[in-house]
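Asker: Here's a sequence, model it:
(chains A and B)
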Amino acid sequence: MAERRSRRLTVVGVLVASLVLTLFGRLYYVQVLDPHKPTQTAGLLHGGEYTVPAPRGQILDALGRPLVTNRTAHVITVDRETLLEQPDQGAAVLAGLAAVLRTPEHDLAQEITPCGVHVPSPCWTGEPFQPVPVETDASTAAVLAVAEHRELYPGVKVDTETVRDYPGGTLAAHILGYTGAVSADDEKRNPKLNDADTIGRSGLEQEYDSLLRGTDGAQVVQLDPRGFAVGASQEIAPEPGDTLVTSIDRDVQRLAEQAIREQIAKSREAGMPATGAAVVVMDPNTGRILAVASYPTYDPQLFVGGISVADYRRLIEPSANDPLVSRAIAGAYAPGSTFKLISSSSIITHGEATLDGRYPCPPALSVDGRIKTNFESEAPGYPLTLAEALKISCDTWFYAFAANEYYADQARADAGKKPNEYLQHMAAAFGVGTAPGVDLPADEQAAGSYADRESRLARWRANRKQYCADAARGFPQEPDPVQRAYLTKLARENCTDGWRYRAGDNADMAIGQGETTVSPLQLAVAYSAMINGGTLWRPTLGWKVVDPHGKVIRTIKPTVRGVLPVSQGLLHYFANALHFAGDHSVSGAIAFDGAPYKTQIGGKTGTAEVFGKQDTSWFASWGPLDGHGHARFVAVGMVEQAGLGSHAAAPMVRTVYDGLLGVGQPPVLPESRPETSPVIR
Amino acid sequence: MTVLSRDPAKPFTLVPSRVLRPRRVRRGVDIWLAGAALLLALIGAVLVWSATRQRLSDEGRDPQGYLYRHLANIGIGLALVAIAARVDVRRLRIVGPVLYGASLLGLLAVFAFGRTINGAHAWLALPGGMQLQPAEFMKLGLIAGMATMFAQRAAERHAERPTTSDVLIATVLITVPLLLIMLQPDLGSAMVLAAAGFGVLIAADVPARWTLGLIALGALGTFLAIKSGVLAEYQLARFRVFAHPGEDPRGASYNVMQAHIAIANGGLFGRGLFHGPQTRGAFVPEQQTDFIYSVAGEEFGLLGAGLIIVLFAVLCWRGLRIAAHAGRAGRLIAVGVVCWFAFQAFQNIGMNLGLTPVTGLPLPFVSYGGSSMFAQALAVGLLLAVARYSTTQRPVV
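Answerer: This next block holds a predicted model:
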């Protein structure tokens, strides 16, 4: 038995001994005998790369003067590998750098540590072998401190990167737009985007982003298995973005913004709130926009390298009054009497009145049992032709036609026929109710609006439950019994009759009130169509796209959106009726007294009532006319809460014309532009 | 217990076995065994330090982090050795089933709330951020469990040779944890478990036909499990990588190549501590655990790497010596532990030398890792306990 046991142990012992001998033999062979010992080969090294963002293309004005360009900003970077090679692992370098940059040393150390399982944020999200930018747009003092004492800062470098620069400051900020850092959502939408890129967030920067962005380059480095860079790196140069030439004229733009600022100051001096204003200057013959100005505005420079939370809060707080929104393009306002161009077109085109007929202009008119008065109940006391009604802007003249048109439509509806809704169709033909299609992001252009039977019914259907519930409940939260009774009555009316489109609604629309709204740009397009013989442009800001080598790769042409369903004769009639003579017969002409070009231009004022606020002041104009009746410019001005059109908007537009045509100064535009080809400087 | 004396002068005298006086009861510690294990662990500490300091410092962490933790593991291991060495081997009938049962419960717990590290679902999270790998303890549990089972049933039967039912029970004892570990899947540990069980079977004097038959059955069972589709696709994929490491060029074969380069360039005397370019450059992934031997090969050369093999040889020699002088249960435990250490060390060093396929097995005592260190410390302690109670007088039963 004992022998068996010890024999078994011997078996195990022999097995173990053979294993030991095998290992020894193999070890001896591998370490000593092997004639073909493997060595570490360079092929095991792998490559890594990080993005070098392409400089964005510039945005130029019609003469090639820069509106948005790039400047070089100093960036202080830290190379971790060099730091780690220091005896103290770079602690002294970081301490010195932290003092220069005035940041806590601990934060700096965290910032440059690559993110990982054991590394909480904030950490470096880029490649571990990539120098980490610790200060973007570094101050000259910091740059000098680092550059002059290179020996103190091994691994710290001063690099440069291009950032957006706005030579005009706030000039044309709304149309140029601003840029921002690429977000995760952007990368999802476009996998080609990279964290290092900037992207257009609004305006032309957003609309033409793909052209302006260019193609990113890359820094390619050889890495050892730890991910440390070895050997020389190779750079794939980025391809800069294309340059966008616009039809904006820098000087006209500056002029328009200056005119707004002056008028805002004047209106406020006169006691008006004058909370905002806009000017649009376009070429009615080409559809190109020369200037779009809006007040209040913002400084796009704030967005360079990321806007601070405090700055952004300042921009969006209510007292700032929406400086990021272009009132000229994204704002929709009741157009007031400037809308009479459209009402008149409807009345004459559909034969409700003739051009030589005379129709009453009473001080007041009862429409549907409601008294509607002229502005301050003024009336000449005799019947007026269309031209006279336009000149003095008689509201009751238009009320009568709108009411009659309404009753005719009701009669058609009662007879089971489709109502004509001539006024609404004419508004649509002039572009009201659809975005103008300018080359800006769709969400930055207002479509304008008007009421009709269908939209009224649709709205009532959507809200009826709420109306009726409110009527039943009776606004118990409202403390004022008079107000409570009014709101309850209104809710009760809306509950039962909210679907009804009334004669008064049609009358309101005829004078550009009620639910009628347009943007200043839409009005400019509409008046351009009137003066150019009926062409409704889809206006444009972009003109040419030029590649980095200076070659024009695309010309952007404004397209025709439609032709007005109005006779040439009627369009000429309007131009003549509203053309300024030496006198004050046309409303608004008084603002141009003394201007040498006064008899070469025409225009229509508008004063739109806004519930609870001061009137919106409008002036839509064209001129100067050449011998063939072609106007060089259409200029539209709008001032919020500033009173009469002839008191605020018209003088503001006059300032623009004065500059354009050189009154008391050299003309801003000595010849017809932007027909000349763009010059790239 | 009695036995017939074969003394021709007193042919029919009954002699009670308790009367047999042990010739010698050695109560000391087996210095060779304990010394070899401790030396391996200390060498391991230096190697772990060398393997991790550069990498840790690159990550901005404490370069000595792994060293300190390995030293702490050694400290805990020493305490476990001291505790296990105090076990009275005559009480093994209690210790054995407890060790086996607890380890098996641990394996089952892994399936209920285990954690996956490096592809294997093999870890239990303990409070305080610690993690435990029950498979490591199962190795010792299986050896102790089988040993007590054989010893106890033999004692009850008054006959040494195991019966068929003994072998069947042993088969069940091996198979259950083996399957659980293979499902994790942790093929390295499964192979070690089989080798240790195999060692116990040999030492228990199970007839060779049984032993060989069981090996054949195990191979057939594995083959059927793969073919029948009982295993999930990801598990099969791991089997394939195990069988053909070349199919995973970024993983296993890269490791082997880098470890081979490291060891081959160590030469006779090595590059010196902290001066191995492969180790410093962190070319070998998992170097502080499964590929720790490559650090020894590169930085200490043939002398250092050879010393590790020698120390394992000493460990096995002392283990077998203890087995030769131990009672039945102690002998089975000793042989089982020797087979465990021998197989695992061979498999690990062999894969570093490109001799055996890559499996995730640590080098006993040397590799970084708490669970394996603790289980091996318990095993060494148990061997010391066996040695303490062994006699030159071999009890008949």
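Asker: burial of the residue of the stretch 51-200 of chain A found nearest chain B, as a residue count?
Answerer: Using CB to the nearest CB, the closest approach of the stretch 51-200 of chain A to chain B is made by A:Thr113 at 5.2 Å. To be clear about C-beta, it is placed using only N, CA and C from the backbone, and glycine gets the same treatment. A:Thr113 is flanked by 18 other residues according to other CB atoms under 10 Å in any protein chain shown.
Asker: What of A:Ala270?
Answerer: A count of nearby residues for A:Ala270, using other CB under 10 Å, gives 12.
Asker: Likewise for the one 5 residues further on?
Answerer: Counted by other CB under 10 Å, the residues lying close to A:Thr275 total 19.
Asker: How about the contacts made by it?
Answerer: By CB atoms under 8 Å, 6 or more residues apart in numbering or on different chains, the contact set of A:Thr275 is A:Asn321, A:Glu640, A:Gln641.
Asker: Quick check on those: which are buried?
Answerer: Neighbour counting by 16 or more other CB atoms under 10 Å in any protein chain shown classes A:Glu640, A:Gln641 among the contacts of A:Thr275 as buried.
Asker: Looking at chain A, which helix is longest?
Answerer: helix A:2-28 (DSSP state H).
Asker: just checking, what packs against it?
Answerer: Applying 3 or more CB pairs under 8 Å, 6 or more residues apart in numbering or on different chains; DSSP states H and E, we find helix A:2-28 packed against helix B:187-203, helix B:292-325, helix B:328-352.
Asker: Kindly recompute the last result at 6 Å.
Answerer: helix B:292-325, helix B:328-352 (3 or more CB pairs under 6 Å, 6 or more residues apart in numbering or on different chains; DSSP states H and E).
Asker: Confirm that A:Trp622 sits in a strand.
Answerer: Yes - counting by DSSP: H, G, I helix; E, B strand; the rest coil, A:Trp622 falls inside a strand.
Asker: For beta bridges, what are the partners of it?
Answerer: With DSSP bridges applied, A:Trp622 shows beta-bridge pairing to A:Gly602, A:Val634.
Asker: In the stretch 51-200 of chain A, mark out all the helices, start to finish.
Answerer: A:80-85, A:91-101, A:105-112, A:140-148, A:173-176, A:184-189 (DSSP state H, counting those that start in this stretch).
Asker: Out of these, flag the one nearest A:Arg654.
Answerer: Of all the helices of the stretch 51-200 of chain A, it is helix A:173-176 that lies closest to A:Arg654, at 22.9 Å by CB to CB.
Asker: name the helices or strands packed onto that closest one?
Answerer: Using 3+ CB pairs under 6 Å, 6+ apart, helix A:173-176 is in contact with helix A:203-207.
Asker: And the next helix or strand past the helix it packs on?
Answerer: Following helix A:203-207 in sequence order, the next helix or strand is helix A:209-213 (DSSP states H and E).
Asker: Which positions within that following helix qualify as buried?
Answerer: Counting neighbours by 16+ other CB under 10 Å, one finds that the buried residues in helix A:209-213 are A:Asp209, A:Leu211, A:Leu212, A:Arg213.
Asker: Stretch A:156-165 too?
Answerer: For stretch A:156-165, by 16+ other CB under 10 Å, it's A:Val156, A:Lys157, A:Val158, A:Glu161, A:Thr162, A:Val163, A:Arg164, A:Asp165.
Asker: ok, B:Gly35 to chain A distance?
Answerer: 18 Å (CB to the nearest CB, to the nearest Å).
Asker: circling back: of the buried residues of helix A:209-213, closest to chain B?
Answerer: A:Arg213 (35.1 Å).
Asker: Okay, the closest one and A:Ala172: tell me how far apart.
Answerer: Separation of A:Arg213 from A:Ala172 (CB to CB, to the nearest Å): 20 Å.
Asker: surely the residue of the stretch 51-200 of chain A closest to chain B meets A:Cys123?
Answerer: Yes - with contact defined as CB atoms under 6 Å, A:Thr113 counts as touching A:Cys123 (5.2 Å).
Asker: In contact with the closest residue to B:Val29 other than its chain neighbours: list those residues for me.
Answerer: Distances taken as CB to CB, 6 or more residues apart in numbering or on different chains place B:Leu384 nearest to B:Val29, at 5.9 Å, with adjacent residues excluded. With contact taken as CB atoms under 6 Å, 6 or more residues apart in numbering or on different chains, B:Leu384 is in contact with B:Val29, B:Asp30, B:Ala85.
Asker: you'd agree B:Leu384 is in a helix?
Answerer: Yes - counting by three-state DSSP, B:Leu384 falls inside a helix.
Asker: okay, it: pLDDT?
Answerer: Looking at B:Leu384, its pLDDT is 91.
Asker: just the one 10 residues further on next, same as before
Answerer: According to the model's per-residue confidence, B:Arg394 sits at a pLDDT of 46.
Asker: Repeat that for A:Val245.
Answerer: On the pLDDT scale, A:Val245 is placed at 94.
Asker: Helix or strand: which one has it?
Answerer: Short version, using DSSP H and E: A:Val245 is in strand A:243-246.
Asker: In helices only, show me the contacts of B:Leu384.
Answerer: Among the contacts of B:Leu384, the residues falling in helices (DSSP H) are B:Ala85.
Asker: Drop anything exposed from the contacts of B:Leu384.
Answerer: Buried by 16+ other CB under 10 Å: B:Asp30, B:Ala85, out of these.
Asker: State the distance from A:Ala270 to chain B.
Answerer: Separation of A:Ala270 from chain B (CB to the nearest CB) stands at 66 Å.
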